[in-house]
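**Student:** Just the structure for this:
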Amino acid sequence: MDIAPGIREALSALARESLEACDAVLARIWLIAAGDLCATCAMAGECPDRRRCLHLIVSEGLSRATDGPFRRFPIGARRVGRVASERVAYVERGEQALRGLAEPGWLALHGVRSFAAVPLGPSAHGVLALFSRRVLNDDELRLLALAARAALPPGVGLPAPGPASRAARERVVRVRRTARPAPEMVAERETRTLAEIQREAIERVLIETAGRISGPRGAATALGLKPSTLVSRMQRLGVRRPPK
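**Tutor:** Numbering: from 1, shown residues only. Okay, the predicted model is just below:
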């Protein structure tokens with residue numbers, strides 16, 4: 001899959017920053033493109049439509065290889081593929097649940113306690129997925145989803161992801177309302193780090209709420225976070241309330 005070097009570098013940076021932010025051991029990014037390895041793909045039997053699939057573009061952490069058994073993922077298959085088709089963030093926690101996602105020995109060896117996968121880009125052009133040593137909570141998942149959605153500016157020239165079902169579109173709308181603001185917050189000509197994306201999101205919502213953090217009209221509610229989580233993230237990112 002041909003993508004601009006700058007986009008590839010930005011995706012690699014996003015994966016590395018996600019590793020650190022989520023205490024992950026492996027972070028990977030797939031982008032939607034035309035089916036090309038159908039005859040030899042290990043997951044061909046699970047592919048409902050061989051015209052398009054997820055191509056593994058970036059792998060950071062324990063492995064940087066992008067040519068293994070998961071280099072292609074059918075859209076709609078398993079957890080990663082379902083995130084691409086449904087366009088909704090997903091998290092799995094607990095030993096029993098994780099066993100269906102990776103080898104138990106590998107999970108135990110690296111102390112993996114949760115798995116998260118989120119749509120990538122403003123139009124769900126792909127998926128960012130990671131295995132974390134922590135039990136990731138819903139607030140962390142929302143922040144990761146916000147950053148992944150804003151990681152690519154609109155119009156980057158990637159293949160169109162294709163239409164989602166009506167139910168999927170409705171779910172995306174609910175996620176966007178919970179994790180405001182959406183793609184219009186992203187600079188059209190720049191890619192940004194995970195911290196910068198989160199900082200801008202918080203600063204914009206604080207302006208919209210006149211610095212109010214808690215309550216039904218507060219920034220925490222707008223971002224879908226607990227007030228304590230928002231305050232902690234503001235301190236970490238160096239965000240201050242706007243002057244009154």
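
**Student:** Helices of this structure, start to end?
**Tutor:** Shown for the chain, the helices assigned by DSSP state H span residues 5-21, 78-86, 95-98, 104-109, 138-149, 166-178, 194-208, 219-223, 227-237.

**Student:** and the fifth one, average pLDDT?
**Tutor:** What it means is helix 138-149. Looking at helix 138-149 alone, the average pLDDT works out to 86.

**Student:** Now that helix: buried residues?
**Tutor:** The neighbour-count criterion (16 or more other CB atoms under 10 Å) identifies 139-149 as the buried residues of helix 138-149. All C-beta atoms are positioned from the backbone trio N, CA, C, and that covers glycine.

**Student:** The spatially closest residue to L143 that is not a sequence neighbour: what's it in contact with?
**Tutor:** Residue nearest to L143 in three dimensions, not counting chain neighbours: Q198, with 5.9 Å by CB to CB, 6 or more residues apart in numbering. Under the criterion of CB atoms under 8 Å, 6 or more residues apart in numbering, the neighbours of Q198 are 143, 146-147, 233, 237.

**Student:** tell me which residues form a beta bridge with the residue most central in space within the chain?
**Tutor:** A centroid search over the chain (CA atoms, centre = their mean) returns V118, at 3.3 Å, as the residue closest to the centre. Bridge pairing for V118 (DSSP bridges) gives the partners L128.

**Student:** which residues does it contact?
**Tutor:** When contacts are counted by CB under 8 Å, 6+ apart, V118 is found next to 83, 89-90, 127-129, 141, 144-145, 148-149.

**Student:** what's the distance between R71 and V58?
**Tutor:** For R71, the distance to V58 equals 12 Å [CB to CB, to the nearest Å].

**Student:** tally of neighbours for the nearest residue to S12 once chain neighbours are set aside?
**Tutor:** With CB to CB, 6+ apart as the measure, V58 is the residue that lies nearest to S12, at 5.1 Å, once sequence neighbours are left out. Residues near V58, counting by other CB atoms under 10 Å, number 22.

**Student:** Tell me the buried residues in stretch 107-125?
**Tutor:** Within stretch 107-125, the residues that qualify as buried are 107, 110, 112-125, counting by 16+ other CB under 10 Å.

**Student:** Quick one: low-confidence residue ranges for this structure.
**Tutor:** 1, 153-194 (pLDDT under 70).

**Student:** before we move on, back to that, and which of the buried residues of helix 138-149 is nearest to D2?
**Tutor:** Using CB to CB, A148 comes nearest to D2 of the buried residues of helix 138-149, at 21.8 Å.

**Student:** surely that closest one meets L11?
**Tutor:** No: in this structure A148 lies outside contact range of L11 using CB atoms under 8 Å: 10.0 Å.

**Student:** Would you convert the helices of the chain into TSV that also reports distance to I29?
**Tutor:** Compiled in TSV, the helices of the chain are given as follows (distance: least, CB to CB, whole Å):
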stretch	distance to I29
helix 5-21	5
helix 78-86	10
helix 95-98	20
helix 104-109	20
helix 138-149	9
helix 166-178	19
helix 194-208	13
helix 219-223	24
helix 227-237	23
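
**Student:** so which of those gets nearest I32?
**Tutor:** Proximity to I32, assessed across these by CB to CB, is greatest for helix 78-86 (6.5 Å).

**Student:** Packing partners of the closest one?
**Tutor:** Using 3 or more CB pairs under 8 Å, 6 or more residues apart in numbering; DSSP states H and E as the contact criterion, the neighbours of helix 78-86 among helices and strands are strand 24-34, strand 52-61, strand 72-73, strand 90-93, strand 114-120, strand 126-132, helix 166-178.

**Student:** Run me through the strand neighbours of the fourth one, direction for each.
**Tutor:** It stands for strand 90-93. Strand pairing for strand 90-93, using DSSP bridges, gives strand 114-120 (antiparallel).

**Student:** Cool, thanks, talk later.
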